[in-house]
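S.K.: Pasting a predicted model and its sequence here:
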Amino acid sequence: TNNEPKPFLQSNQNTIYFSENWEVGIGGGLWSTGLSLSKLFLHQSNLLRLNIQRLILTKKNSWDGVEESENCKHKIKALELGSGNGLLSCCLASTVGDLLDELVVTDLADHLDLMRQTVNANSHFLTLQTDEKENKDREDNSNLENVKCYVTEHTWGEFDDISTQSKLLGKFDFIFGSDVAYRDYLHDPLISSLDRLSHENTIILIGVTMTDTKPIFFSSLRKAGFRYERIPDHLMSEEFRGATFGLFVIQRDRKTKN
């Protein structure tokens, strides 16, 4: 079919397969902000790796004396919010997959099939997790180095404690997403999810279009106890410098917690 994933981007060792599908909704397409964040993951992979390794070091220090699997100590749990099409998660996994314990990719129910299709098209470095028996079969037939990837529904600000997704949605070390704050009514639910799914050292990376993400979003972030910093232009791919969107690193502001 026309929508069958095709070679789209190239990372260190991996070809990333992807095709847009606007029929599932606006999230099925690829917006400039998403492409710029994808290319940041690919072109600034050393910087990304360095920051994740610092995060792992912080985790290990805070876990002294706590019984945890060695795997957990040396890797992080990552979450994509509002994925739409799965591309961004694939770009992350293709560059720093060896540092990911698990990757959870989320959006509303109508986008999940496309996200699964994208993940499955990149099974040379990602293994989609479904039910336990099927996972066992997949692991027997897949590269053990592959990143375990879960695709699940999540509506921002809504947490149902008995659902499958709530078992997957614990605390994450790295949370990312693009074009997530383009409507004012999304701000509070998004910030609620960021608050619920992050811990004090979580790094959050989001891309927003400045024309549709109003300053009130950043005011609301500050009120909720987060600080933010815009990624400077020189770290972006040349085609995205001086553009009308920004990539922001967000973390809990320790000062507001005192």
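M.R.: Looks like it arrived, so ask away.
S.K.: which ones are touching residue 55?
M.R.: 76, 173-174, 201, 203 (Cβ atoms under 8 Å, 6 or more residues apart in numbering). C-betas here are computed from N, CA, C, even on glycine.
S.K.: for those, which one is nearest residue 4?
M.R.: Minimum distance to residue 4 across the contacts of residue 55 is 29.9 Å, recorded for residue 174 (Cβ to Cβ).
S.K.: Might one say that the closest one is in contact with residue 206?
M.R.: No. Checked against Cβ atoms under 8 Å, the pair residue 174 and residue 206 is beyond contact range at 11.7 Å.
S.K.: Next, format the contacts of residue 55 as CSV and append secondary structure and neighbour count.
M.R.: Conversion of the contacts of residue 55 to CSV gives the following (DSSP: H, G, I helix; E, B strand; the rest coil; neighbours: other Cβ atoms under 10 Å):
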residue, secondary structure, neighbour count
76, strand, 21
173, strand, 22
174, strand, 23
201, strand, 16
203, strand, 20
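S.K.: The residue nearest in space to the middle of the chain bridge partners, please.
M.R.: Ranked by distance to the mean C-alpha position of the chain (Cα atoms, centre = their mean), the top residue is residue 80 at 2.8 Å. For residue 80, the residues forming beta bridges with it (DSSP bridges) are residue 105, residue 176.
S.K.: need the contact list for it.
M.R.: 88-89, 92, 103-106, 175-177.
S.K.: nearest to residue 222, of the residues you listed?
M.R.: Comparing the contacts of residue 80 against residue 222 with Cβ to Cβ places residue 175 closest, at 17.6 Å.
S.K.: roughly how far apart are the closest one and residue 87?
M.R.: Distance of residue 175 to residue 87, computed by Cβ to Cβ, to the nearest Å: 17 Å.
S.K.: and these two? which has more neighbours close in?
M.R.: residue 87 (28 against 22; other Cβ atoms under 10 Å).
S.K.: Need the per-residue pLDDT for the residue lying closest to that one once chain neighbours are set aside.
M.R.: If you skip the residues right next to it in sequence, residue 87 has residue 18 as its closest partner in space, 4.9 Å away by Cβ to Cβ, 6 or more residues apart in numbering. Here the pLDDT value assigned to residue 18 is 95.
S.K.: Please apply the same query to the one 10 residues further on.
M.R.: What the model reports as pLDDT for residue 28 is 90.
S.K.: Over to the one 10 residues further on?
M.R.: As summarised for this prediction, residue 38 has a pLDDT of 95.
S.K.: for residue 60, same thing?
M.R.: At residue 60, the predicted lDDT confidence score is 75.
S.K.: centre of the chain versus the helix or strand hosting it, how much separation?
M.R.: Element membership for residue 60, per DSSP states H and E: helix 45-62. For helix 45-62, the gap between its own C-alpha mean and the chain's C-alpha mean amounts to 16 Å (Cα atoms, centre = their mean, to the nearest Å).
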